[in-house]
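Undergrad: sequence and predicted structure below; questions after.
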Amino acid sequence: MGSSSLNIGVVAPAKAITIEAADKLSRLAYERYGSEVKLKFHPQCFLEHGHFAGTDEARSLAFLEYANSPEHDVIWSARGGYGCMRLHDDMFDRLNENARAKAYIGYSDFGAVLARLYKMQIGRLIHGPMPVEVNRSVGGEECVTRVLDYVTGRSKDGIEPTRSAHPRIAINLTILEHIIGTPWQPDLSGHVIMIEDVGEYEYAIDRKMFTLCS
């Protein structure tokens, strides 16, 4: 870290991303930011092991490698899906001071990782879009550009405008429900919880909130 470029390492702790999507995002980043942003996709991003982007060990080691590396300023989760909670527990204990200095970006299933890092007070945690969304048919490029604009300091247009005097956490409600009572659960006493489940049936959200508040 400390170079003139912002170095972003991309890993896939859940499902894989395609090489085509990675290339598309890399071209977009170069066209808009030039040498200001350097994207590096870990080879693990393109592995396939059943549902996952490689085995649990492969995904755990890739995350640990990039998080602990002095080369990267930001860790960006390639996409969601399912798999983050299968990362090895001891991986988090092996995170070093380089890992503590980084920003971590993602949402959906990656919310579990953000929650665990928050519990451990590691890094600057950003709830935001992921590289795979460059392929969205509507607004995909704009979506990932808002993230890159924010981390490069160009614009804060993608930031939630509502402010609160209380600490805040943004997370997927299903993920929050699933980490209750596990080592992944942070202490959220006194927090404002911003949930991302905007397209769910209201009864489903109410059911999950009942569990969380009980």
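TA: Here it is on my side, so go on.
Undergrad: what are the buried residues along stretch 125-137?
TA: 125-135 (16 or more other C-beta atoms under 10 Å). (Each C-beta comes from the backbone N, C-alpha and C, glycine too.)
Undergrad: what distance do you get for residue 179 to residue 134?
TA: 28 Å (C-beta to C-beta, to the nearest Å).
Undergrad: again, but for residue 8
TA: Separation of residue 8 from residue 134 (C-beta to C-beta) stands at 13 Å.
Undergrad: how distant is the lowest-mean-pLDDT helix or strand in the chain from the center of its chain?
TA: Every helix and strand in the chain was compared by mean pLDDT, DSSP states H and E; the lowest is helix 202-213, with a mean of 89. Chain-centre distance of helix 202-213: 24 Å, with C-alpha atoms, centre = their mean, to the nearest Å.
Undergrad: check stretch 139-151 too.
TA: 14 Å.
Undergrad: only C-alpha atoms, please: export it in CSV.
TA: The C-alpha coordinates for stretch 139-151 follow below in CSV (Å, rounded to 0.1, in the frame of the first residue of the first chain):
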residue,chain,number,x,y,z
GLY,A,139,-27.5,0.0,-14.5
GLY,A,140,-24.8,-2.5,-14.1
GLU,A,141,-21.9,-0.3,-15.0
GLU,A,142,-23.3,2.6,-13.1
CYS,A,143,-23.6,0.4,-10.1
VAL,A,144,-20.0,-0.7,-9.9
THR,A,145,-18.8,2.8,-10.9
ARG,A,146,-20.5,4.2,-7.7
VAL,A,147,-18.3,1.9,-5.7
LEU,A,148,-15.1,2.8,-7.4
ASP,A,149,-16.0,6.5,-7.3
TYR,A,150,-16.4,6.2,-3.5
VAL,A,151,-13.2,4.3,-2.8
